[in-house]
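Visitor: the sequence isn't on hand, but the structure is:
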């Protein structure tokens, strides 16, 4: 299509088919503006591309995400969620209880152990055994004295042979009782482990159950903000199940997705600027050199980007972050001052 502005109307714009037109000069201007607007719309992609190239020569920009220090709270053992003390968005202090789990099987086993006879001393009380042996020894000693007295009386003719036999029988009975007691004690001491071992195992199992049940009550290790709660009361969870996420109150880290061709900017100490969602710019600095690459999240990809991979560069803000922007995975835009010396050296 060829656009011409030298028609008859251009030479005599105030007349239309022999009639005088009062608004003809204004119509002529609108006619020109309309075609200029069409040309601008057709050429806008080319103008945008040229502007992008010129902007890239002056400044280097890259998408970024704000990452808050997040702590994942997971279940150590299987159990049932009995109490949820916090909700998403609540602030917590160090030591505050967050969630309470319970294990009914462990509770039932604990009740069984508590119903059994407790205490090693109850099965073999050494003090009672020693007292019993002393009684048996005294009885044997008196029986022996009785035999000696009867033998002396028999020699004097004051006792009969039957009384001596009765005294000796009493002595033998007391000796038999003492020997039986010693034999019983020896058998108990020679029994391998025996009841003592069972009682020790009972105490050890009970202590283990108490420690595991106490571990089902989870507390906050540091002050923070509850970012997400992933379970509900009455829900069964297994070992390693993710229960909730906590955002710490520490300084956030800015992860920048820098194009590989701008890898010279990924150096420790490199200054940059971060554009916040409200339009303000904050100063930041690269923490360390990039050591890995990552795929850009879908919400950070530009429509005309050639590559969806970028160098993952960590950076820290040098200015205080406003409280309203302390949001995990907040999308941001960063800007690097162009390194003209590096560009010219690379060109040479």
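Guide: Great, that's in hand. All figures in this text were calculated on a predicted structure; none of them were measured in a lab.

Visitor: which ones are touching the closest residue to residue 328 other than its chain neighbours?
Guide: Leaving aside its chain neighbours, residue 328 sits nearest to residue 68 (4.3 Å; criterion: Cβ to Cβ, 6 or more residues apart in numbering). Placement of C-beta: from N, CA and C, glycine included. By Cβ atoms under 8 Å, 6 or more residues apart in numbering, the contact set of residue 68 is 227, 247, 248, 252, 326, 327, 328.

Visitor: how close does residue 161 sit to residue 147?
Guide: 13 Å (Cβ to Cβ, to the nearest Å).

Visitor: in the host helix or strand of residue 245, what counts as buried?
Guide: Using DSSP states H and E, residue 245 falls within strand 242-248. Residues 243, 244, 245, 246, 247 are the ones in strand 242-248 that count as buried (16 or more other Cβ atoms under 10 Å).

Visitor: might you list the low-confidence residue ranges for the stretch 151-300 of the chain?
Guide: Applying pLDDT under 70 to the stretch 151-300 of the chain flags residues 188-198, 299.

Visitor: one more pass at 50, please.
Guide: 193 (pLDDT under 50).

Visitor: can you show me the helices along it?
Guide: Secondary structure of the stretch 151-300 of the chain (DSSP state H, counting those that start in this stretch): helices at 161-190, 194-215.

Visitor: so which bits of the first one are buried?
Guide: It refers to helix 161-190. 163, 164, 167, 168, 170, 171, 174, 181.

Visitor: the third one reaches residue 147, doesn't it?
Guide: Yes - under the contact definition of Cβ atoms under 8 Å, residue 167 touches residue 147, with a separation of 4.6 Å.

Visitor: related to what we said a few turns ago, put together TSV for the helices of the stretch 151-300 of the chain, with distance to residue 139 on each row.
Guide: Conversion of the helices of the stretch 151-300 of the chain to TSV gives the following (distance: least, Cβ to Cβ, whole Å):
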stretch	distance to residue 139
helix 161-190	5
helix 194-215	29
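
Visitor: out of the ones you listed, which gets nearest to residue 48?
Guide: Taking Cβ to Cβ, helix 194-215 is the member of the helices of the stretch 151-300 of the chain nearest to residue 48, at 59.5 Å.

Visitor: does anything pack onto the closest one? Which helices or strands?
Guide: Helices and strands touching helix 194-215, by 3 or more Cβ pairs under 8 Å, 6 or more residues apart in numbering; DSSP states H and E, are helix 104-115.

Visitor: residues of the helix it packs on that come out buried?
Guide: Quick answer for helix 104-115 (16+ other Cβ under 10 Å): 106, 110.

Visitor: that helix vs helix 194-215, what angle?
Guide: 140 degrees (axes from the mean of the first three to the mean of the last three Cα atoms, to 10 degrees).

Visitor: look up how far residue 83 lies from residue 39.
Guide: For residue 39, the distance to residue 83 - Cβ to Cβ - is 70 Å.

Visitor: count of neighbours near the residue nearest to residue 292 when sequence neighbours are not counted?
Guide: For residue 292, ignoring the flanking residues on the chain, the nearest one in space by Cβ to Cβ, 6+ apart is residue 312 at 5.5 Å. By other Cβ atoms under 10 Å, 17 other residues sit near residue 312.

Visitor: which stretches of the stretch 1-150 of the chain form strands?
Guide: 15-16, 19-20, 59-67, 70-74, 79-84, 91-92, 97-102 (DSSP state E, counting those that start in this stretch).

Visitor: so which of these is nearest residue 318?
Guide: Using Cβ to Cβ, the strands of the stretch 1-150 of the chain put strand 59-67 closest to residue 318, at 14.5 Å.

Visitor: can you list the residues that contact that closest one?
Guide: Here strand 59-67 has contacts from 55, 252-259, 262, 265, 274, 296-297, 300-302, 310, 315, 325, 327-338, using Cβ under 8 Å, 6+ apart.

Visitor: next: stretch 256-270.
Guide: By Cβ under 8 Å, 6+ apart, stretch 256-270 touches 60, 62-65, 272, 285-290, 293-294, 296, 300, 307, 309-315, 334, 336, 339, 342.

Visitor: which of those residues are buried?
Guide: Using 16+ other Cβ under 10 Å, the buried members of those are 60, 62-65, 272, 286, 290, 296, 300, 310-315, 334, 336.

Visitor: what about the residue nearest to residue 161 when sequence neighbours are not counted, how many neighbours?
Guide: Excluding the flanking residues, the one nearest residue 161 by Cβ to Cβ, 6+ apart is residue 154, at 6.9 Å. Residue 154 is flanked by 15 other residues according to other Cβ under 10 Å.

Visitor: make 482 the starting number, not 1.
Guide: OK, 482 is where the count begins now, so the last one is residue 635.

Visitor: tell me the contacts of residue 635?
Guide: Residue 635 makes contact with 641, 642, 644, 645 under the criterion Cβ under 8 Å, 6+ apart.

Visitor: any idea how far the nearest residue to the third one once chain neighbours are set aside lies from residue 749?
Guide: This means residue 644. Distance criterion Cβ to Cβ, 6+ apart; nearest residue to residue 644, sequence neighbours excluded, is residue 631 at 5.4 Å. Computed as Cβ to Cβ, the residue 631 to residue 749 distance reads 108 Å.

Visitor: next, the closest residue in space to residue 769 that isn't next to it in sequence: phi, psi?
Guide: In this structure, residue 769 finds its nearest non-sequential neighbour in residue 749, 5.1 Å apart by Cβ to Cβ, 6+ apart. Backbone torsions of residue 749, given as degrees, to the nearest 10, read phi -60, psi 130.
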